[in-house]
Structures are given as C-alpha cells and as structure tokens.
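Trainee: Here is my input, please return the structure:
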Amino acid sequence: MKNIQRFIGICFLLLCILFLAPCLVSFCDVSAEEKDSERLVVGIPEDRCPIFYEDPDTGEIVGIGVDLMRSAAEEAGYKAEFQFIEEETIKDALDNPKYDVIMPFGSAIKSTSGQESIVSDNLFQTPFTLLVYGNRVVPPMNKLRVGMLSSLGGGADTVRQLYPGIEIVFYDTMPEAVKNLRKGKVDALLHNSYVWSYVLQKPSYTDLKVQPSAMFSMDFRVGTLDTPVGRSTVERLNKGIENITDTYTQAVILDYTTRRLYRYDMSDYIVQYGDVGILVILVIVSLVMIGIFRQKNLKLQQEAKMRWLKNHDALTGALSLQGFRNKVQSLLREYPDNSYLLNYINIKNFKYINDSFGMKAGDDFLCFWINNINSNISDDEAVCRIESDHVAILRKGKGDNMILKEDAAAVDLVKNYFMDRGEEYRVQICSGIYVLTPEDYELANVDHMLDLARVAEKKVRETKKDGYGFYNAEQWTKGKRIAEIVSHLPIAISSGEIQVWYQPQVDCKTLDLTGMEALCRWKHPKMGWISPAEFIPELEESGQIFELDSYVWETVCKDLKRWRDLGIHHSASVNLSRSDIRDDRDIPGYFKALIEKYELNINQLRIEITETAFAENPETLIKTSEKLREIGFSVEMDDFGSGYSSLHMLKEVSVDRIKLDMNFLTGSGDSEKGRTIVGYMIQMINSLGMAMIVEGVETAEQADFLLKQGCSDMQGYYFHKPMPAEDFEKMSLL
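Mentor: The predicted structure follows:
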C-alpha cells in the first residue's frame, strides 16, 4: 500500500514539473530579458501633442516622439522610461542628473550652466511652419519677430543659427502665445507642423493659419551632456535609430496626425455650433480669402516702397546717400562731356532751428529747401540729403559768376525762409564746392569727392561766416593729417607717444616752487612733435578729448604719488575741457576716485577750466565747478583775459584762483594801456578775495611789473620751460 502511495506521489510530482516547466522557462526568460534591458530615463517637455502628451484615458505618456524613441531604445537594449521635465527649458533640464537623455534637440547646444551637449542621429524630420493671425503681412524670416514656447529654448538656438536676424519671444503656454499673436506683439508663432495639426483643431483658432511658404525642417534628436557616459549612451542609441525603418516612422506619424486628439470645451462648442459663431467663421474665411489677395498686393507694394526708401530720403524725397552714389556714377558714365562740380551744403546752427521753432518747423524747412533745389536742377543733375541738414548736389559747372547768380536767385529764398514767415532769423548756409577732374569721371569714387567738398565746406564754416568756398589740395592735405592724428590717438596713448610734461609755477619773490601745470606733448613716429594747438582742438571736435584728458589726469596722479613716496610733496594743475562735461559723466566723482586710488591729498590736484569754456557753456560748467569745490578741489579759471573776459563772469563763477593771460602785455595795441588794464585787473581780483597766478611771463621786465602790481605767483619761459617728468623730478631733488 505504501509503495502504491509513493508511486502516485512521484507521478503527481512529475506532472507538476511538466506543467510548471514552461512557466518557469518563461519567467526565467522575462527575468533575463529585464535583466538584459537597462533603464533609460528620457526627459521630455509637456504641451507638445501629438509629439508628447499624456493619454487622458490611460495616463501613459505617448506620442510620435515617444513611440519612435521607445523603439530605438529597445533596439539599443534599453527600456525607456519617459518623464515630463520639471525645468522651464531643455537647456535647464540638461543640468539635471535625474534624466539620462533629453529630447527633442535640433542640434547640440550648451546647457544653462555652459556645459557642451552631444546629440544622437536624427529620429525623424519635423517640419516647422509659421502660424500667423488673419491677413497680417509677415516680414522675411531674418527680420521676423516670432513667438515660441519656453520649452523650445534649445530649438530656438538652432533657429537663430538658421536666421541670424530673427527676434524670438518666449511664452509659457500656447494660449498665451496665441493671445500675443492676435495683439500684434509678435508677427507669427513658430512650432512644428505636427503640433499645429493638433492646435488648429480648436474651433476658436480658426482665425489662425499656417504659413507654408515659411516651412523648414529641423532634426528630431536625443541629447545629453557630452561626457564619456553620455557619448556611450548616444552611440548605443544611434545603433537603435539605425534599425528603425522609414516605413515604421511614417506609420507612427500618420497614426498620430490623423487622430482627433483635441477635446472640446464649452467655448469650443459655442464657436463650433453657434449661429453667430458660424457666421463669424464664414466672414473670417471670406476675409482670409480676400486677405490672401490683399496680402500679395501689400507685399508687392511693400517691396516697391522698400526699394524706393533704399535710394531716397523718407522726409524730403531727395536721394539717399546710396541712391546718390548710384545716380552720380550713372551720370558720369552717361554724360562724360558735362563739366560737373559737387556741392556739399550744411546749415549753420541747425540745432537752434529745431530747439527754437520745433522739430516740425525744422522738417518743413528741410522739405522746402530740397524742393527749392529740385526746382533748379535738371535730369542730368542730382540732389541728396546725406543726414539731418547736410545736403549734396551734383550740378553742371557754369562758371563762378553763374554760381553767384544762382545763389542770389535760389539760396536767398532759403536763407529768408523764417523771415518770410515772421521770424527774426536768417538761415546761414555754408557750402563747399569740389570741381570734378578727369580722374573722377574714370574712377567715380563718390565718397572721395564728397570728402573733398566737405573739407571746403568746413573751411567756410570755421570762418564764422556763411557762403561758399572751393576745395584746394592744401585743405585736403591738412584734413588727411588731422584725420590721421585723431585716428592714431588710442595707439599713441598705449605706445607712450603721448607724454605728460610739467611747467613749474614759482613765487617771483623767493623763486620757490609753488606748483606745476600738467601739459601734453605728442611725438608722432612719422610726423614728429605735434603741437597741442593742432591736436587738442581736433580731439575736442571729434569727441575724443576725454580719452586724452583722462590719460593725463591718471598719469599726473601716478607721478604725484611716486614723488610723495620719495619725500617730495607737489601740487599740480590739470586741464578740464568743456567737451569732457557730459550728462553721462560724473567728472567730480571721477577726480575724487583718482585721489582715493592713489592716496593723494585733495589739495595736490587743482582743476583748470578755461574762461572760454565758462563763456560758451556757463550753466553746466558752473554746476560742475561748484561740485568740485564742494568735494574740496581747488578750481582755477584758465586764460582769463585772453579775449573773452567778462566782469559778469567773475560775479557768476565760483573759482579759487584766476590764471591771468599775458595777452594784454604781449599782444598788439597800446602796451601802456595794456599795462594799465593788467594792473587794475590784478587789483580787482585781489579785492574779490581770489588767488591769482599769471602765465606766459617771458621777461624780467614783465615779472617786475607784475610783482609791483601785487601778483607774485607766476609761470612762464622766464622762469622755466615745460619739461618731462624725469627732468622735473631731478629739479625738485636739487
């Protein structure tokens, strides 16, 4: 009996083994498969239906990109796990180690922290198109202001590479982007056409349309940081991507793009089925159809207008500079027998016209002026508004007398423009004339000819008068020299060509050193020593004097500190140009910072401002002078008595010392009267309680006279000439 029971048990056990064996094998296979498949966390952005989205029924993340990536991962031996990224952009997500890879990428980009990335081969091509509102005309791509979702930040870099001039505005959500498109904040929205196939299923978006003419394709790639691990992952994924067939890819895309994925809300039903909504949709469709036709016409008109504006001035209708170049070159080829001259015209003090009568009055005057010129030129002549009030005319030469007649007949009408309208203001016109040479007809270098005419105009303007003048070669040589000096300034400063010299200031009674004035000397490698009287006015006019002055100020502070460390205590006067004073410069603060940087006493630096500067720009310079004195600096009025003297100036301007110019004693005229004037000026300055120094003292007779009049502080060749810093240092140590 026991043997029978044992036999039955063995048989039952065998049956169980036979029954369970397939299950065990299957279990082992699954376990082995799971063991062989590595987990790959894929970070993807939200709001990309049908590329990526969460199925509302199953809660799974699905979409075109998900299905294709899952297949590629499986082919590569990975089990892909998809997670919506928490970060705002793919750039931010690259820096999060929780994701093994991120998608989609158009190309490799840098992460937010600046790390390089590596991308896989292309999963599939995503066609990108523009979504526009109504019948708005869309500018070219490189001039477009386009809206994109913030999550497309990485793709935006690729778009910028394709269209360098494009401007991209980011929005967090699609409704926000559409709202700003309708308001005209952007010209169009940019996304891939698969997303638009989903978005445009919303009934209330029927006023939006895809711009197929702007279509371009971007790659759809997987990316991660460029590390050994990242490169290994991408290399494996590339093998998986290689195994995905085009047929499978197209099937996945077709499957998702033909689905009705969008789910209506109440507003959609109202739009879809409401009578008013249907009527509105019909009207919109009609308008869109009309708009397409109008858009084409508007585009043609816009292109024609752009071509016109490229060659013409929008305000006056005269030729633009580019249009003038083209017209002059054409005329010189077509009429080689005409004797042409080029006239460069400038209105003196045009800013006064705008400030006094208003911008509209200035514009009206310019239009009147150009119309007047146009009425006096023929088809084989040309007029150009270069900028503002600067006008150029190519005209046929008719001799000096004819020019004078035309000036009387036409230019006087312009000069009297405001007087004819009841304003007591006569326009001043400066004109430079360049007569074309045979070489000009051959080369047709319009810019060069304009430069020569401009040189002649500048000479007229510098005479403080109006009228016209002809160019000559001497002017051009001088102009070229000035241009070379101005353009060479940065190199001159950095190479040490510009040096700071010092002219001692003394007490005439004791001959003790009381201070020094910092002066600038420039030794050009080709031109030799250049006079300050030549380069300083040109640097002021070109707006570069501050670069020179700030270099001088800092050099002086360095020298003062070095001498103080040697036990020599000096004070120096430095010049402040009127051109240095601007709204965006805090000159008092600048000097204070220099004093603190070099640990100097504030009485070691005195600031000189010319009397001319005070006369030309009193309000700003007086304000600056007061701030300097409040900080503790000593302010001096330089060149007093040089030709702009005013007793009213002494009443208005607060300065610590007057620097009297010796022009009264050395200039032309009655020398005895000059001595009398200087004597009374010294008495007056002393009575006002101001300190004083006289510069330009060259003889013992002058020094004795000044000392008798009550002035002992002097500066000039009689005592010391300006000298390099090294020589001044040696003199101080004696």
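
Trainee: give me the number of residues near residue 595?
Mentor: Residue 595 is surrounded by 19 other residues when neighbours are defined as other Cβ atoms under 10 Å. C-betas here are computed from N, CA, C, even on glycine.

Trainee: would you say it is within a helix?
Mentor: Yes: with DSSP: H, G, I helix; E, B strand; the rest coil as the criterion, residue 595 is located in a helix.

Trainee: Spatially nearest residue to it, not counting backbone neighbours?
Mentor: If the residues on either side of it in the chain are set aside, residue 595 comes closest to residue 602, at 5.6 Å by Cβ to Cβ, 6 or more residues apart in numbering.

Trainee: My guess is the one you found contacts residue 629. True?
Mentor: No: because the distance of 10.8 Å does not satisfy Cβ atoms under 8 Å, residue 602 is recorded as not touching residue 629.

Trainee: spatially speaking, which residue is in the middle of the protein?
Mentor: Note on the chain: the residue nearest the mean C-alpha position is residue 165, at 14.5 Å, using Cα atoms, centre = their mean.

Trainee: looking at this, that one is in a helix?
Mentor: No: remark: residue 165 does not belong to a helix; assigned using three-state DSSP, it is coil.

Trainee: where does residue 182 land on pLDDT?
Mentor: On pLDDT, residue 182 comes in at 91.

Trainee: Let me see the contact set for it.
Mentor: In this structure, residue 182 makes contact with 133, 207, judged by Cβ atoms under 8 Å, 6 or more residues apart in numbering.

Trainee: just residue 193 next, same as before
Mentor: Applying Cβ under 8 Å, 6+ apart as the definition, the contact partners of residue 193 turn out to be 126, 127, 128, 129, 210, 215.

Trainee: Narrow those residues to just the buried residues.
Mentor: If you count burial by 16 or more other Cβ atoms under 10 Å, the buried members of those come out as 126, 128, 129, 210.

Trainee: what lines up beside the longest strand seen in the chain in the sheet?
Mentor: Counting residues, the longest strand found in the chain (DSSP state E) is strand 208-225. Strands that pair with strand 208-225, judged by DSSP bridges, come out as strand 101-105 (antiparallel), strand 117-119 (antiparallel), strand 124-133 (antiparallel).

Trainee: highest average neighbour count across those strands?
Mentor: Neighbour counts (mean count of other Cβ atoms under 10 Å) averaged over each of the strands paired with strand 208-225 peak at strand 101-105, with a mean of 27.

Trainee: And the residue nearest to residue 595, how close does it get to residue 347?
Mentor: Between residue 602 and residue 347 the distance, using Cβ to Cβ, to the nearest Å, works out to 46 Å.

Trainee: Pretty sure residue 429 sits against residue 415.
Mentor: Yes: taking Cβ under 8 Å as the definition, residue 429 is a contact partner of residue 415 at 6.4 Å.

Trainee: Looking at these two, which one has more neighbours?
Mentor: residue 429 (21 against 17).

Trainee: Now do the contacts for that one.
Mentor: Going by Cβ under 8 Å, 6+ apart, residue 429 touches 345, 346, 347, 348, 411, 414, 415, 466, 467.

Trainee: my guess is the third one meets residue 427, correct?
Mentor: What that stands for is residue 347. Yes: contact status for residue 347 versus residue 427: in contact at 6.3 Å, counting by Cβ under 8 Å.

Trainee: Any stretches of the stretch 401-550 of the chain with poor pLDDT?
Mentor: Across the stretch 401-550 of the chain, the ranges flagged by pLDDT under 70 are 401-412, 464, 473-480.

Trainee: residue ranges of the helices in it, please?
Mentor: Taking DSSP state H, counting those that start in this stretch as the criterion, the stretch 401-550 of the chain contains helices spanning 412-415, 438-443, 446-462, 473-487, 489-495, 532-542, 545-565.

Trainee: buried set for the second one?
Mentor: Which is helix 438-443. For helix 438-443, the neighbour count (16+ other Cβ under 10 Å) marks 440, 441 as buried.

Trainee: got a list of contacts for that helix?
Mentor: For helix 438-443, with Cβ under 8 Å, 6+ apart as the criterion, the contacting residues are 332, 336, 449.

Trainee: Now find how far off-centre it is within its chain.
Mentor: Relative to the chain's own centre, helix 438-443 is displaced by 37 Å; criterion: Cα atoms, centre = their mean, to the nearest Å.

Trainee: Could you do stretch 437-456 as well?
Mentor: On Cα atoms, centre = their mean, the centre of stretch 437-456 falls 31 Å from that of its chain.

Trainee: Restrict that stretch to CA atoms and write it as CSV.
Mentor: Output of stretch 437-456 as CSV, limited to C-alpha atoms (Å, rounded to 0.1, in the frame of the first residue of the first chain):
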residue,chain,number,x,y,z
THR,A,437,38.6,116.1,-62.5
PRO,A,438,39.0,113.7,-65.5
GLU,A,439,40.2,111.1,-62.9
ASP,A,440,36.9,111.4,-61.1
TYR,A,441,34.9,110.5,-64.3
GLU,A,442,37.1,107.4,-64.7
LEU,A,443,37.0,106.2,-61.0
ALA,A,444,33.6,107.6,-60.0
ASN,A,445,34.6,107.5,-56.3
VAL,A,446,31.6,109.5,-54.9
ASP,A,447,32.6,109.2,-51.3
HIS,A,448,36.1,110.6,-52.0
MET,A,449,34.5,113.6,-53.9
LEU,A,450,32.2,114.2,-51.0
ASP,A,451,35.1,114.2,-48.6
LEU,A,452,36.9,116.9,-50.7
ALA,A,453,33.7,119.1,-50.9
ARG,A,454,33.2,118.6,-47.1
VAL,A,455,36.8,119.9,-46.5
ALA,A,456,35.9,123.1,-48.4
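
Trainee: Show me what counts as buried in that stretch.
Mentor: Residues of stretch 437-456 classed as buried by neighbour count (16+ other Cβ under 10 Å): 440, 441, 444, 446, 449, 450, 451, 452, 453, 454, 455, 456.

Trainee: can you pull the contacts of the fourth one?
Mentor: Residues in contact with residue 446 (Cβ under 8 Å, 6+ apart) are 324, 325, 328, 329.

Trainee: ranges for the strands of the stretch 551-700 of the chain?
Mentor: Counting by DSSP state E, counting those that start in this stretch, the segments of the stretch 551-700 of the chain that form strands are 572-575, 605-610, 634-640, 657-661, 691-695.

Trainee: Let me have those in CSV, adding distance to residue 158, mean neighbour count and mean pLDDT as columns.
Mentor: Putting the strands of the stretch 551-700 of the chain into CSV (distance: least, Cβ to Cβ, whole Å; neighbours: other Cβ atoms under 10 Å; pLDDT from 0 to 100) gives the following:
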stretch, distance to residue 158, mean neighbour count, mean pLDDT
strand 572-575, 54, 22, 95
strand 605-610, 56, 23, 92
strand 634-640, 59, 23, 88
strand 657-661, 65, 25, 88
strand 691-695, 67, 22, 93
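
Trainee: could you dump these to TSV with distance to residue 506?
Mentor: Shown next, in TSV, are these (distance: least, Cβ to Cβ, whole Å):
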stretch	distance to residue 506
strand 572-575	14
strand 605-610	16
strand 634-640	16
strand 657-661	14
strand 691-695	10
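
Trainee: Can you tell me which of those strands is nearest to residue 588?
Mentor: With distances scored as Cβ to Cβ, the stretch of the strands of the stretch 551-700 of the chain nearest to residue 588 is strand 605-610 (9.1 Å).

Trainee: Can you list the strands that the closest one pairs with?
Mentor: Sheet pairing of strand 605-610 (DSSP bridges) gives strand 572-575 (parallel), strand 634-640 (parallel).
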